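Colleague: sequence? don't have it. structure:
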């Protein structure tokens, strides 16, 4: 039964993660539910169970015995677009539908193992989803010619080793083998072409690529821990297929050529570099009841200057300019030990958006956001515990004023996005 479950895990992770990012960009911080209640403050020095290895492989060195940890986070995005001054391709006010709940929901699972190889050396393995996003706008909304569906997801296999150099110092590192899937769709305006209806452009592809992670933990005192970790960028070369469907009438061929396509179907590819992340964390045990946690992280979103779809049949490249910036995230949290069995968690975080004003798109209408979190842990027995956490993530109102290179075909999109995310997570951990 265990072998069968292990074989199914990758399918469950990749299938379930087709949802939406809660962190800035399309990053998913929800790699466990243990840290959710603290807004993932102190992530690079939190070694309560095997799941801590994702944020810092050196966390494995503090674990005792063989450990297993698995969990799931339910992430629900609500995103709406309020039209204010959008125009249609003719230049008149666009009376199309506002974007209603363009966000989506997903279950994001995780799985971890920790196996001591010797007194000071520990092996770890993790299966998780570090990136994922889905926005789905209706095909008759006011911005249909800019975006309808965007769906990206990554599944990550991570093998780690940690070594306890001394009681004060631990080091760790690992390799990552990652699968990345992407799908994008957009409506194409058929009105300018004799007798044609609108069409749908869709492209999908996938890729496998390698990455690595490194970490260190230093304990200046029995009550204080400081950790630093780095997770590398991963360069993906996605290959897949595209299709254009829906153009009709005598103008169908002209419409296809006008949009730069030599054929209605074909092969395509996209190169994308998923960003690296650098984390500095600290925790301090004030007394036998209170623990304070802090976290500063940096993600190199400037590695994503554009999304360029290239075609093998000579069709013109489809380019979306992003010009994203690197981002910072600051988190703080506290744990309160109520009884030997119960622990309460609180957290607060500020998460900077990589999206610059003037370059915001409905594919990712991102804006700076604040995390408000709460959680609890219950020790079921000496060797197992259950964590639950909840986060409400509120993004600032995000203004859009988007004009394509061909406004006579796409119109102009002007309005405001309102977005929020709710996350509910549960994690089970045990020694075996």
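Modeller: Perfect, thanks for sending it. All of these numbers come straight from a predicted model, not from anything done at the bench.
Colleague: going forward, measure contacts and count neighbours with C-alpha atoms only.
Modeller: Will do.
Colleague: any idea what residue 364 is bridged to?
Modeller: Residues found in beta-bridge contact with residue 364 (criterion: DSSP bridges) are residue 361.
Colleague: count of residues packed around it?
Modeller: Summarising burial for residue 364: neighbours were counted as other Cα atoms under 10 Å, giving 19.
Colleague: next one: residue 307
Modeller: Here the count is done by other Cα under 10 Å, and residue 307 has 15 residues near it.
Colleague: I'd say it and residue 270 touch.
Modeller: Yes. Here residue 307 reaches residue 270: they are 7.3 Å apart, a contact under Cα atoms under 8 Å.
Colleague: what segments of this structure are helices?
Modeller: Per DSSP state H, the chain has helices spanning 2-16, 252-258, 407-410. These are given in chain order.
Colleague: lowest-confidence stretch among those?
Modeller: When these are compared on average pLDDT, helix 2-16 comes out lowest at a mean of 44.
Colleague: residue most distant from the centroid, this protein?
Modeller: Distance from the centre of the chain peaks at residue 250, with 43.6 Å (Cα atoms, centre = their mean).
Colleague: isn't it right next to residue 196, touching?
Modeller: Yes. Proximity of residue 250 to residue 196 meets the contact threshold set by Cα under 8 Å, at 7.4 Å.
Colleague: now residue 54: how far from residue 334?
Modeller: Taking Cα to Cα, to the nearest Å as the criterion, residue 54 is separated from residue 334 by 21 Å.
Colleague: find the nearest non-adjacent residue to residue 179, please.
Modeller: On the basis of Cα to Cα, 6 or more residues apart in numbering, the spatially nearest residue to residue 179 that is not a chain neighbour turns out to be residue 208, at 4.5 Å.
Colleague: residues near that neighbour, how many?
Modeller: Using other Cα under 10 Å, residue 208 is surrounded by 17 other residues.
Colleague: ditto for the one 5 residues further on
Modeller: Counted with other Cα under 10 Å, residues neighbouring residue 213 total 24.
Colleague: could you do the one 4 residues further on as well?
Modeller: The burial count assigned to residue 217 is 27, neighbours taken as other Cα under 10 Å.
Colleague: repeat that for residue 288.
Modeller: Residue 288, neighbours per other Cα under 10 Å, totals 8.
Colleague: how about residue 222?
Modeller: 10.
Colleague: ok, it to residue 286 distance?
Modeller: When Cα to Cα is applied, the distance between residue 222 and residue 286 equals 11 Å.
Colleague: again with residue 250
Modeller: Looking at residue 250 against residue 286, where the rule is Cα to Cα, the gap reads 76 Å.
Colleague: where does residue 196 fall, phi/psi-wise?
Modeller: Backbone torsions of residue 196, given as degrees, to the nearest 10, read phi -100, psi 150.
Colleague: who touches it in this structure?
Modeller: If a contact means Cα atoms under 8 Å, 6 or more residues apart in numbering, then residue 196 has 190, 247, 248, 249, 250, 251, 252 as its contacts.
Colleague: can you redo the residues you listed as CSV with distance to residue 236?
Modeller: Putting those into CSV (distance: Cα to Cα, whole Å) gives the following:
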residue, distance to residue 236
190, 33
247, 32
248, 36
249, 39
250, 40
251, 37
252, 34
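Colleague: whichever of these end up buried, select them in ChimeraX.
Modeller: Filtering these down to the buried ones (16 or more other Cα atoms under 10 Å) takes a single ChimeraX command:
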select :190,247,248,251,252
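Colleague: pick out the most distant pair among the contacts of residue 196.
Modeller: Checking these against each other with Cα to Cα, the farthest-apart pair comes out as 190 and 250, at 11.5 Å.
Colleague: and the pLDDT for the residue nearest to residue 284 when sequence neighbours are not counted?
Modeller: By the measure of Cα to Cα, 6+ apart, the closest residue to residue 284 outside its immediate chain neighbours is residue 224, 4.5 Å from it. Looking at residue 224, its pLDDT is 98.
Colleague: give the bridge partners for residue 224, please.
Modeller: On the basis of DSSP bridges, residue 224 is bridged to residue 221, residue 284.
Colleague: just give me the neighbour total for it.
Modeller: Taking other Cα under 10 Å as the definition, residue 224 ends up with a neighbour count of 17.
Colleague: correct me if wrong: it contacts residue 287.
Modeller: No. With contact defined as Cα under 8 Å, residue 224 and residue 287 do not form a contacting pair (11.4 Å).
Colleague: show the contacting residues for the residue nearest to residue 179.
Modeller: Under the contact definition (Cα under 8 Å, 6+ apart), the residues listed for residue 208 are 177, 178, 179, 180, 236, 237.
Colleague: which of these count as buried?
Modeller: Among these, those scoring as buried are 177, 178, 179, 180, 236 (criterion: 16+ other Cα under 10 Å).
Colleague: who does the fourth one form a beta bridge with?
Modeller: In this structure, residue 180 has beta-bridge partners residue 154, residue 207, where bridges are defined by DSSP bridges.
Colleague: so it touches residue 155, yeah?
Modeller: Yes. At 6.6 Å, residue 180 counts as touching residue 155 under the criterion of Cα under 8 Å.
Colleague: look up how far residue 186 lies from the residue lying closest to residue 189 once chain neighbours are set aside.
Modeller: If you skip the residues right next to it in sequence, residue 189 has residue 198 as its closest partner in space, 4.9 Å away by Cα to Cα, 6+ apart. Between residue 198 and residue 186 the computed distance is 10 Å (Cα to Cα).
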